[in-house]
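Chemist: Below are the sequence and a predicted model; questions follow.
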Amino acid sequence: MNQIVVLNAGGQYCHLIARRIRELGVHAVVADVSKPAAELSGARGIIISGGPASVTEATSPSVDRAIYDLGVPVLGICYGHQLLARDLARGQALVSAGTTKEYGKATLEAGDCELFQKISPAPGSSSRVFTVWMSHGDTVVDVPPGFKAVGETEDCKIAAMEDRGRKFYGLQFHPEVVHTEHGTEIYRTFVFDVCGCRQDWDPRARVEQVIADIKRTAGDRKKVFFLISGGVDSTVAFSLCAKALGRDRVLGLYVDTGFMREGDAEAMQYLKTAVGEHAVKLADRSADFFGRLRGVTHPEDKRAVIGETFIAVQEDEFAKLGLREDEWLLGQGTIYPDTIESGGARHAAKIKTHHNRVAKIQALIDAGRVIEPLVDFYKDEVRVLGEELGLPHDVVWRHPFPGPGLAVRCLAAETRAAVEPAAIALPPGVEGWNVPVRTVGVQGDERSYSQLLAVSGVGDAEAAGAFARRVTNEHRAINRVAVVVFQRAGAPFGRLAIHPAMLTPERIALLRAADALVTRIVRARGLYDAIWQMPVAMLPLGSGPGRETIVLRPVNSRDGMTADFARLPAPVVTELATALGALDGVDAVLYDVTNKPPATIELE
Ligand code: XMP
C-alpha cells in the first residue's frame with residue numbers, strides 16, 4: 001500500500017518530499033495533483049507539494065476537493081499551504097501576492113503546532129525558533145475557519161497553520177530541504193504520530209531492484225551502449241548494467257567534447273580495470289562540438305546544441321563501431337533532478353534543459369530504446385549505490401560535473417557593455433556594481449535569467465551571504481551576488497566591461513587551467529571532500545577584448561536541488577584569488593555567495 005501520497009503541484013522539491021519519507025522507512029509515492037479522492041482513500045496521509053503557479057489564478061493546479069472529506073490527514077507545503085488556505089476559506093480571499101518575496105533562509109518562530117511537538121525549545125526558553133527554507137512570492141494572509149496560525153517569520157506572518165481536529169497542516173517553508181532545521185523531525189511526526197504509518201520500506205534493497213529492472217528492460221539479448229564521462233552517475237549506471245548483464249553486453253564510449261576537465265579521460269581507467277579494456281572506448285569529437293557551438297551565446301541554446309551534438313556523435317560512433325539498433329539500447333546516467341528541472345513533471349516549470357532530456361532523446365525514450373537505471377535516484381542515493389557496488393572512494397565522491405561541461409560555465413557575449421555602479425541602495429562601506437550579464441537562477445519554483453551584482457566591502461563570507469540573501473529577496477531582478485576577491489592593479493573592477501567573446505578552444509583552455517588550479521588548491525587545503533561541488537566559471541569581463549574574469553562557485557548540497565554557497569576560509573580565498581590572478585588573461589576573480597535558490601549551482 002502507498003502509505004503516503006505526495007500530490008505533485010509542480011514543485012522542484014516535490015520528489016524530495018517522497019524521498020525524505022522513504023528515508024524514514026515509509027513507502028511514499030508521487031501522484032498528479034488532480035488524482036481523484038476516491039483513489040486516495042487508502043492512503044494514511046496526503047501531502048500537497050509546492051509549485052510554480054499562483055493559487056489566485058483560476059487555471060492553477062488544484063486538488064480534488066473531496067480529499068478534504070476523506071478523514072485522511074493533509075499536509076500542504078508552500079503552494080500546498082496556500083491551496084489549503086484557498087480551498088478551505090469559505091469564500092474569503094486568504095492568499096495574496098506578497099510584497100516581499102522570500103527566497104532562502106528565514107527564521108521561524110514556531111507556535112504550538114502538533115508537527116513541532118518533538119522539536120526542543122531553545123535552551124532557557126519555552127519558544128521554538130529555528131531556521132527554515134523559503135521560496136515563495138504569494139502569502140497566506142489569514143487562516144481559514146477551524147485553523148490557527150502556529151508559526152511566523154519576519155516576512156511571513158502565517159508560515160505555519162493547523163486545524164488539529166481535522167488533522168490539516170499548512171507550512172509555507174520546505175521541511176524537505178536539508179537547510180530547514182528539524183525538517184526530518186517534522187515529517188517524522190506527521191508520518192508516524194499524525195498518520196500512524198509503520199515502517200515498510202528498506203532502501204538497502206535498491207541495488208537488487210535496479211539490477212532486476214535492467215534485466216527486465218534488456219531482456220535476454222539486448223546490449224547497452226553508454227556515453228560515459230568519468231563522473232559518478234555514468235560510472236554507477238554503467239557498473240550496474242555490467243553487473244546485471246555481464247561485461248560483454250555493455251560498451252562505454254568516452255567522448256571528448258572539448259569541454260572536459262583536466263583528468264577526466266584518466267578517470268576511465270577504473271572502468272577499464274573493473275569491466276574490461278574491451279568495454280571502454282575513447283573518441284575525440286571536440287571539433288564537432290566547437291563547430292556547432294560557433295556563435296551560440298544563450299545558455300539554453302548552448303544546452304540544446306550540445307544535446308543534439310551528443311546525439312549526432314553517438315549515432316555516428318555507434319555506426320562506426322558497427323553496432324545494430326535492434327541489438328543495442330542506449331544507456332544514460334540520468335538522475336532524478338535532471339528530469340524535474342527539465343520540466344519533466346506536468347506542472348513543473350522548466351529551469352533548464354539537461355543534455356540527456358532533449359527532444360530526440362525523449363523520442364528514443366518513448367520508443368523504449370533507452371535504459372536509465374538511476375532515473376529515480378538523487379545524487380546522494382547514487383553515491384550510496386556506488387558504495388554498495390564497491391566503487392573506489394575517489395570515483396564515488398568526485399564532485400559532480402554537468403554533461404555539457406565547461407561549455408555552460410564559459411559565458412559568451414555578443415556586444416560590449418560596461419560595468420556600472422549598482423542601482424540599489426548599499427550599506428555604508430559597501431561598493432556594488434551591475435555586471436552586464438545575466439545568469440540562470442531558480443526563484444519561487446520558476447526559472448530566472450537575471451542580473452549579477454558584484455560587491456566589495458561586505459565583510460567575511462557569513463556577512464556576504466547574509467547580504468546576498470537580503471538583496472536577492474528584495475530585488476527580484478538580481479538573482480546572484482558575488483564578491484570581488486581580486487582585481488588587477490590598473491584595472492579597477494568598476495572600469496571593466498563585457499566584451500564580445502564566443503566559445504573558443506583558447507577560452508576553454510584558460511577556464512580548464514583555472515578549474516584545475518582551483519581543484520589542486522582546494523585538495524591541498526583538505527577542503528575537497530568538505531565541499532559538495534565547486535564550479536569555476538568564466539565571464540568575458542575585463543579591461544579589454546580577450547581579458548577574463550573567473551568566478552568561484554563553491555557550494556554545499558545534498559542532492560543538487562538546493563544549495564548553500566560554501567564558506568571558504570579567508571586565507572584560502574586569498575590563495576585562490578592570487579593564483580588565478582597570476583594566470584595570463586585574468587583581470588578579476590569573483591566569489592559567488594548566493595544560495596540555490598535564488599541562483600542555480602552552475603553559473604551559466
Ligand atoms: P543547477 O545548476 O541546476 O545544478 O543548480 C544542479 C546540479 O546538476 C548539475 N547539472 C547537470 N548535470 N547534466 C548533468 O548531468 C546537465 O546538463 C546538468 N546541468 C546541471 C550541476 O552541476 C549540479 O550538480
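Modeler: All right, it came through fine.
Chemist: From now on I want contacts and neighbour counts done on CA atoms only, so please keep to that.
Modeler: Fine.
Chemist: Contact residues of the stretch 501-604 of the chain facing the ligand?
Modeler: Contact residues, the stretch 501-604 of the chain versus the ligand (CA under 6 Å from any ligand atom): 560, 600, 601, 602.
Chemist: What about the second one, how many residues nearby?
Modeler: Right, residue 600. Using other CA atoms under 10 Å, residue 600 has 25 neighbouring residues.
Chemist: Correct me if wrong: it contacts residue 440.
Modeler: Yes. Between residue 600 and residue 440 there is a contact under CA atoms under 8 Å: 6.3 Å.
Chemist: ok, back up a step: please dump the residues of the stretch 501-604 of the chain next to the ligand into JSON lines; it should also carry pLDDT and secondary structure for every row.
Modeler: Written out in JSON lines, the entries for those read as follows (pLDDT from 0 to 100; DSSP: H, G, I helix; E, B strand; the rest coil):
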{"residue": "560", "pLDDT": "83", "secondary structure": "coil"}
{"residue": "600", "pLDDT": "96", "secondary structure": "coil"}
{"residue": "601", "pLDDT": "97", "secondary structure": "coil"}
{"residue": "602", "pLDDT": "97", "secondary structure": "coil"}
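Chemist: Please name the nearest non-neighbouring residue to residue 149.
Modeler: On the basis of CA to CA, 6 or more residues apart in numbering, the spatially nearest residue to residue 149 that is not a chain neighbour turns out to be residue 161, at 4.3 Å.
Chemist: do the same with residue 533
Modeler: residue 399 (5.0 Å).
Chemist: Now do the contacts for that neighbour.
Modeler: For residue 399, the contact set (CA atoms under 8 Å, 6 or more residues apart in numbering) comprises 532, 533, 534.
Chemist: same deal with residue 600?
Modeler: Each residue near residue 600 by CA under 8 Å, 6+ apart is listed here: 440, 441, 442.
Chemist: ok, now with 6 Å
Modeler: Contact partners of residue 600, counting by CA atoms under 6 Å, 6 or more residues apart in numbering, are residue 441.
Chemist: Pretty sure residue 575 sits in a helix.
Modeler: Yes. With the criterion set as DSSP: H, G, I helix; E, B strand; the rest coil, the secondary structure at residue 575 is a helix.
Chemist: Counting neighbours, what do you get for residue 518?
Modeler: By the criterion of other CA under 10 Å, residue 518 has 21 neighbours.
Chemist: The helix of greatest length in the chain near the ligand at all?
Modeler: Of all the segments of type helix in the chain, defined by DSSP state H, the longest one is helix 299-320. No. Counting by CA under 6 Å from any ligand atom, no contacts exist between helix 299-320 and the ligand, the nearest distance being 7.1 Å.
Chemist: Could you point out the helix or strand that follows that helix?
Modeler: Stepping forward along the backbone from helix 299-320, the first helix or strand reached (DSSP states H and E) is strand 328-331.
Chemist: Neighbouring strands - and their directions - for that following strand?
Modeler: Each strand that strand 328-331 pairs with, and the sense of that pairing, follows from DSSP bridges: strand 223-228 (parallel), strand 370-371 (parallel).
Chemist: Show the subsequent helix or strand relative to the first one.
Modeler: Going down the chain from strand 223-228, the next helix or strand is helix 232-245, by DSSP H and E.
Chemist: circling back: in the longest helix of the chain, which residues are buried?
Modeler: If you call a residue buried by 16 or more other CA atoms under 10 Å, then helix 299-320 has these buried ones: 299-300, 302-311, 313-314, 317-318.
Chemist: For residue 329, state which of these is nearest.
Modeler: Taking CA to CA as the measure, residue 329 sits nearest to residue 318 out of the buried residues of helix 299-320, at 11.0 Å.
Chemist: any idea how far residue 451 lies from residue 442?
Modeler: Applying CA to CA, to the nearest Å, the value for residue 451 to residue 442 is 13 Å.
Chemist: between the two, who's got more neighbours?
Modeler: Comparing residue 451 with residue 442 by other CA under 10 Å, the one with more neighbours is residue 442, at 25 against 22.
Chemist: Please confirm that that one is located within a helix.
Modeler: No. Counting by three-state DSSP, residue 442 falls outside a helix, being strand.
Chemist: Was I right to think it contacts residue 594?
Modeler: No. Contact between residue 442 and residue 594 fails when scored by CA atoms under 6 Å: they sit 11.5 Å apart.
Chemist: near the ligand, which residues of this structure show up?
Modeler: If contact is defined as CA under 6 Å from any ligand atom, the residues of the chain in contact with the ligand are 354, 355, 400, 401, 402, 403, 404, 560, 600, 601, 602.
Chemist: For the helix or strand harbouring residue 432, name the packing helices and strands.
Modeler: Using DSSP H and E, residue 432 falls within strand 431-443. Contacts defined by 3 or more CA pairs under 6 Å, 6 or more residues apart in numbering; DSSP states H and E place strand 431-443 against strand 420-421, strand 446-456.
Chemist: let's see it at 8 Å
Modeler: Judged by 3 or more CA pairs under 8 Å, 6 or more residues apart in numbering; DSSP states H and E, strand 431-443 is in contact with strand 417-418, strand 420-421, strand 446-456, strand 478-487, strand 497-498.
Chemist: Strand partners (parallel or antiparallel) of the fourth one?
Modeler: For strand 478-487, the paired strands and their directions (DSSP bridges) read strand 446-456 (parallel), strand 586-592 (antiparallel).
Chemist: Tell me which of these sits most buried.
Modeler: strand 586-592 (a mean of 27; mean count of other CA atoms under 10 Å).
Chemist: returning to that earlier point: what does the longest helix of the chain rub up against?
Modeler: The set of residues external to helix 299-320 that reach it, using CA under 8 Å, 6+ apart, is 227, 285, 288-289, 292-293, 296, 352-358, 360-361, 404, 407-408, 604.
Chemist: For it, the averaged confidence score.
Modeler: pLDDT averaged over helix 299-320 equals 94, rounded to a whole number.
Chemist: pLDDT weak spots in the stretch 251-400 of the chain?
Modeler: The stretch 251-400 of the chain contains residues with pLDDT under 70 at 340-348, 351-352.
Chemist: which residues in it form helices?
Modeler: 269-275, 286-292, 299-320, 336-341, 359-366, 379-388, 393-396 (DSSP state H, counting those that start in this stretch).
Chemist: Tell me which residue in the stretch 451-600 of the chain sits closest to the ligand.
Modeler: In the stretch 451-600 of the chain, no residue comes nearer to the ligand than residue 600, which is 3.6 Å away by CA to the nearest ligand atom.
Chemist: buried sites along stretch 159-179?
Modeler: Buried residues in stretch 159-179, defined by neighbour count with 16+ other CA under 10 Å: 159-164, 167-179.
Chemist: For residue 323, give its distance to the ligand.
Modeler: Residue 323 sits at a distance of 25 Å from the ligand (criterion: CA to the nearest ligand atom, to the nearest Å).
Chemist: Can you report phi and psi for that residue?
Modeler: Phi and psi for residue 323, reported as degrees, to the nearest 10, are phi -90, psi 150.
Chemist: and it, how many neighbours?
Modeler: The criterion is other CA under 10 Å. On that basis, residue 323 has 14 neighbouring residues.
Chemist: do the same with residue 359
Modeler: Neighbours of residue 359 under the rule other CA under 10 Å: 14.
Chemist: cool, and the one 4 residues further on?
Modeler: When counting by other CA under 10 Å, one arrives at 13 neighbours for residue 363.
Chemist: ok, it - contacts?
Modeler: The neighbourhood of residue 363, defined by CA under 8 Å, 6+ apart, contains no residues.
Chemist: Would you check how far apart it and the ligand are?
Modeler: Here the criterion is CA to the nearest ligand atom. By it, residue 363 lies 18 Å from the ligand.
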